[in-house]
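**Q** Quick one, fold the following:
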Amino acid sequence: MKRIIYFILGLFILSSCNKSNQFEISGSINNGEGKDLTFSELLINGTEDIKTIKLDKKGDFKFKSSGSIPGFYNLSVSKNNFLTLLIEPGEKVTVKAEASRLSIANIGGSEGSLQVQKINNQLANTKHKLDSVLEYAESIKDNPEFGLKLDEINSAYSKIVDDQRDSSIAFIINNLNSLASIVALYQRYDEENYVLYKNRDLQYIKIVSESLGEKYPESMHVKTLLVDKESLFNTYNQIKTNKILNEYVKDNEVAGVPDIILPDQNGDSISLNSINSKYILLTFWASWSKESIQHNIALLDIYAKYHAKGFEIYQVSLDTKTESWKRLIKFDRLPWINVIDLNGRTSYSAKIYNVKTLPTSYLINPEGDIVLINPSGKQLISTFDYALK
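**A** Okay, here's the model as predicted:
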């Protein structure tokens with residue numbers, strides 16, 4: 001009798017596990033009557049079709065599949081008209097779209113799919129902006145004033161590229177535990193030109209591969225990222241310049257992570273990337289945050305011991321009033337670089353660096369890599385005792 005009970009219980013558990021691995025995607029495709037809608041899985045070397053249906057006048061569809069870990073899938077009506085989804089086991093995803101452009105679909109029930117859609121659509125928008133700048137440059141190249149406008153064209157193009165790069169970096173930092181960050185790493189404008197094209201962007205490959213390697217060790221996409229990490233480093237190293245940028249953009253590359261330029265107590269603008277120190281601790285804080293004040297006090301002794309050896313602190317205040325900020329700097333005798341972003345919690349710099357709580361800190365090494373996030377005092381001392389002898 002006990003064996004029968006155990007056997008039935010085992011079947012129940014097995015059935016529950018299998019059910020939890022199932023996922024479903026349903027919805028409707030408008031104006032798609034007569035078109036084939038294909039649901040496929042994105043593999044390392046291409047796609048594998050799971051099922052294809054022919055859409056009727058209503059355009060309703062439903063697909064079911066299963067998987068033990070999140071995976072990438074496509075809904076497509078043609079080779080160049082598709083929607084990429086990142087689906088987790090157990091999700092019930094809904095999609096409503098126009099057959100003419102699946103990529104702008106309304107998606108529900110899948111946070112990962114929304115993340116992938118967001119970064120893909122943003123890149124498409126950026127590419128459209130870049131094309132517009134190039135078309136404008138082409139249209140006036142025979143104009144006598146073309147030379148006078150070239151700097152303006154260069155600046156416009158460069159800003160679009162930099163904004164896209166900053167946005168991709170912010171997305172990666174915000175989503176280190178999501179497979180969507182892999183999509184952001186691989187984004188390209190064309191076959192040769194990557195969004196993350198600077199040598200120092202290699203750090204994000206390392207951060208993502210290590211983070212996802214711990215969370216999804218069985219994912220074929222993560223396995224490939226880990227195996228190819230060294231190869232990717234070499235590939236990115238070879239992309240020293242961007243082919244299009246060589247024609248239209250001056251090289252404004254500077255050392256460091258995404259730059260921050262904000263005013264200090266004297267009103268002088270200080271650039272993060274202009275600091276010539278071996279190690280920089282980028283910290284975000286506010287005078288109203290008790291935790292920030294305690295953190296500052298703990299840093300005083302460390303700064304006094306290692307500053308002369310090559311340690312600097314670049315501290316960004318998210319205060320909205322300068323008076324309280326200046327008062328606390330003076331009261332606590334903070335000797336390092338202090339700047340302020342009066343936009344407070346809506347600070348663009350804070351968004352780029354994924355600041356959700358205060359204080360938040362990043363330790364940047366001599367190569368411009370973020371090597372520690374929110375390091376403890378012991379971690380800083382251990383690093384500096386070894387690296388700043």
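**Q** quick one: pLDDT of the nearest residue to residue 275 once chain neighbours are set aside?
**A** In this structure, residue 275 finds its nearest non-sequential neighbour in residue 312, 5.5 Å apart by Cβ to Cβ, 6 or more residues apart in numbering. Yep, even glycine has a C-beta here, placed from its N, CA and C like the rest. Looking at residue 312, its pLDDT reads 96.
**Q** so how far is residue 282 from residue 312?
**A** Separation of residue 312 from residue 282 (Cβ to Cβ, to the nearest Å): 10 Å.
**Q** Same question for residue 31.
**A** 50 Å.
**Q** So for the two, which sits in the more crowded spot?
**A** residue 282 (22 against 12; other Cβ atoms under 10 Å).
**Q** Surely the more buried one forms part of a strand?
**A** Yes - membership of residue 282 in a strand is supported by DSSP: H, G, I helix; E, B strand; the rest coil.
**Q** before we move on, back to that, give the bridge partners for the residue nearest to residue 275, please.
**A** Residue 312 has these beta-bridge partners by DSSP bridges: residue 280.
**Q** burial measure for it, as a count.
**A** Residue 312 has 18 neighbours, counted by other Cβ under 10 Å.
**Q** can you check residue 40 too?
**A** By the criterion of other Cβ under 10 Å, residue 40 has 19 neighbours.
**Q** surely it meets residue 65?
**A** No - judged on Cβ atoms under 8 Å, residue 40 makes no contact with residue 65 at a distance of 10.2 Å.
**Q** quick one: the residue nearest to residue 281 when sequence neighbours are not counted from residue 143, how far?
**A** The shortest distance from residue 281 to any non-neighbouring residue, by Cβ to Cβ, 6+ apart, is to residue 313 (4.7 Å). Distance of residue 313 to residue 143, computed by Cβ to Cβ: 50 Å.
**Q** In terms of neighbours, single out the busier of these two.
**A** Just comparing residue 313 and residue 143: by other Cβ under 10 Å the higher neighbour count belongs to residue 313, 22 against 10.
**Q** just the strands in the stretch 101-250 of the chain please.
**A** Along the stretch 101-250 of the chain, counting by DSSP state E, counting those that start in this stretch, strands occupy 101-108.
**Q** Please enumerate the helices of it.
**A** Taking DSSP state H, counting those that start in this stretch to define them, one finds helices in the stretch 101-250 of the chain at 111-139, 146-174, 180-186, 202-215, 220-227, 229-238, 243-248.
**Q** buried residues in the fifth one?
**A** What that stands for is helix 220-227. The neighbour-count check on helix 220-227 (16 or more other Cβ atoms under 10 Å) flags 221, 222, 224, 225 as buried.
**Q** Flag the shaky bits of the stretch 251-389 of the chain, pLDDT-wise.
**A** Flagging of the stretch 251-389 of the chain using pLDDT under 70 yields the residue ranges 251-256.
**Q** so how many other residues sit close to residue 376?
**A** Using other Cβ under 10 Å, residue 376 has 11 other residues around it.
**Q** What are the phi and psi values at it?
**A** The phi and psi values for residue 376, taken as degrees, to the nearest 10, are phi -80, psi 170.
**Q** what's the most buried one of the helices of the stretch 101-250 of the chain?
**A** Mean neighbour count (mean count of other Cβ atoms under 10 Å) peaks for helix 180-186 among the helices of the stretch 101-250 of the chain, with a mean of 22.
**Q** Now do that one: which elements does it pack against?
**A** On a contact count with 3 or more Cβ pairs under 8 Å, 6 or more residues apart in numbering; DSSP states H and E, helix 180-186 meets helix 111-139, helix 146-174, helix 202-215, helix 220-227.
**Q** which one of those helices lies closest to residue 188?
**A** helix 111-139 (8.6 Å; Cβ to Cβ).
**Q** nearest spatial neighbour of residue 63, skipping sequence neighbours?
**A** Leaving aside its chain neighbours, residue 63 sits nearest to residue 39 (4.3 Å; criterion: Cβ to Cβ, 6+ apart).
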